[in-house]
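Trainee: Structure of the sequence below:
(one chain, ligands or ions: 1)
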Amino acid sequence: LIQLYMPLNFLGVLYREIKQSLTDLDKVFGLLEREREVADAPGAPELAVRQGVLRFEDVHFAYDANRPILHGVSFEIPAGQTVAVVGASGAGKSTLARLLYRFYDVSGGRITIDGQDIRQVTQGSLRRAIGIVPQDTVLFNDTVGYNIAYGRPGAGRDAVEAAARAAHIHDFIAATPKGYDTVVGERGLKLSGGEKQRVAIARTLLKNPPILIFDEATSALDSANERAIQAELKSAAQGKTALVIAHRLSTVVDAHNIVVLDGGRVVESGSHTELLAYGGKYAEMWRLQQAGDQA
Ligand code: ATP
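Mentor: Predicted coordinates:
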């Protein structure tokens, strides 16, 4: 009996571990309640990133068939550039990030990376090529070192520390009693929103993917923290193709291009200066935000 028990016990442990890590992953992306609905096409090849040109081509999407969210969104992010998407709450900005990471498949049109439809390549290769700094980073109940190294399994302590330094979280970690071995998350040391986002940036820096998604936190950080995170993000995005989902306009001023989304449609696009001169929706949003900041 023991011969049967041991492997079964092992399988049980393995099952729990896999289930736990899937749960953590789901939590990271806030999708706990959803079943996976995308699958690899049979015999799908790996994504081959050459320059890193990203295109949304006439993308349509609905979470529920009777309530379309995106109505033909098209824009390009040239290799190595940063494009910011702005628009009112509910315009569909974060949905673009979810589609790019293939949590859902588009219902019309396509998303391509260097000409390859992301539905035609393996999800594993797609997700290896993309680094996400999500809105609300959920950390694993594990050490802060583990949480950063998660970006590149097998990364050594030196690499983890270098990424933490670049994300300006090293000094904070070093000041905790157990340093990189300090357990964080729900059952450990609680980090502030800004600290968690820095851990996520460090994780992404370590992963060093050619494509970056930054979904800005909806909950505002204090302005010093916000400026610091923006600076770290800017250096992280250097030379990468980056999609920034901006919930505040201060983040987007330096983007190569700004796409204004309204009701699931692109209504304007251009640089900050161009859009201000155009005097449309963006200029109006900017004016309101400036007035709000001064109030
Ligand atoms: P915000 O700036 O407030 O984050 P957003 O522009 O990023 O807004 P999305 O999160 O993309 O907006 O949401 C677009 C629309 O899709 C909203 O009306 C939202 O209610 C709806 N939506 C988002 N996620 C889901 C979901 N999982 N199931 C059904 N509807 C959803």
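
Trainee: beta partners for L70?
Mentor: On the basis of DSSP bridges, L70 is bridged to F61.

Trainee: what about whatever residue of the stretch 151-295 of the chain ends up closest to the ligand, which SS state?
Mentor: Nearest residue of the stretch 151-295 of the chain to the ligand, counting by C-beta to the nearest ligand atom: H247, 4.9 Å away. To be clear about C-beta, it is placed using only N, CA and C from the backbone, and glycine gets the same treatment. Under DSSP: H, G, I helix; E, B strand; the rest coil, H247 falls in the coil class.

Trainee: My guess is it contacts E226. True?
Mentor: No. Judged on C-beta atoms under 8 Å, H247 makes no contact with E226 at a distance of 11.0 Å.

Trainee: so for the helix or strand hosting A162, what's the average pLDDT?
Mentor: A162 belongs to helix 157-166 when assigned by DSSP states H and E. The average pLDDT for helix 157-166 rounds to 93.

Trainee: Following the chain onward from that helix, which element is next?
Mentor: Sequence order places helix 170-174 as the next helix or strand after helix 157-166, per DSSP H and E.

Trainee: The helix or strand that comes right after that following helix - contacts with which helices or strands?
Mentor: Next helix or strand after helix 170-174 toward the C-terminus (DSSP H and E): helix 193-207. Here helix 193-207 touches strand 130-133, helix 144-149, helix 157-166, helix 223-237, going by 3 or more C-beta pairs under 8 Å, 6 or more residues apart in numbering; DSSP states H and E.

Trainee: Report the inter-axis angle for helix 193-207 versus helix 157-166.
Mentor: 130 degrees (axes from the mean of the first three to the mean of the last three C-alpha atoms, to 10 degrees).

Trainee: then helix 193-207 to PDB, C-alphas only?
Mentor: Output in PDB follows, covering the C-alpha atoms of helix 193-207 (Å, rounded to 0.1, in the frame of the first residue of the first chain):
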ATOM      1  CA  GLY A 193       0.800  50.800  -3.500                       C
ATOM      2  CA  GLY A 194       3.900  52.600  -4.700                       C
ATOM      3  CA  GLU A 195       6.200  50.000  -3.200                       C
ATOM      4  CA  LYS A 196       4.200  47.100  -4.700                       C
ATOM      5  CA  GLN A 197       4.400  48.800  -8.100                       C
ATOM      6  CA  ARG A 198       8.200  49.200  -7.700                       C
ATOM      7  CA  VAL A 199       8.400  45.500  -7.000                       C
ATOM      8  CA  ALA A 200       6.400  44.900 -10.200                       C
ATOM      9  CA  ILE A 201       8.700  47.200 -12.100                       C
ATOM     10  CA  ALA A 202      11.800  45.300 -10.700                       C
ATOM     11  CA  ARG A 203      10.200  42.000 -11.700                       C
ATOM     12  CA  THR A 204       9.600  43.400 -15.200                       C
ATOM     13  CA  LEU A 205      13.100  44.800 -15.500                       C
ATOM     14  CA  LEU A 206      14.500  41.400 -14.600                       C
ATOM     15  CA  LYS A 207      12.400  39.700 -17.200                       C
END
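
Trainee: tell me the mean pLDDT over it?
Mentor: For helix 193-207, mean pLDDT is 89.

Trainee: got a list of contacts for that helix?
Mentor: For helix 193-207, contacts defined as C-beta atoms under 8 Å, 6 or more residues apart in numbering pick out 131-134, 136-137, 139, 144, 147-152, 155, 159-160, 163-164, 166-169, 172, 184, 191, 212, 217, 219, 221-222, 225-226, 228-229, 232-233, 236.
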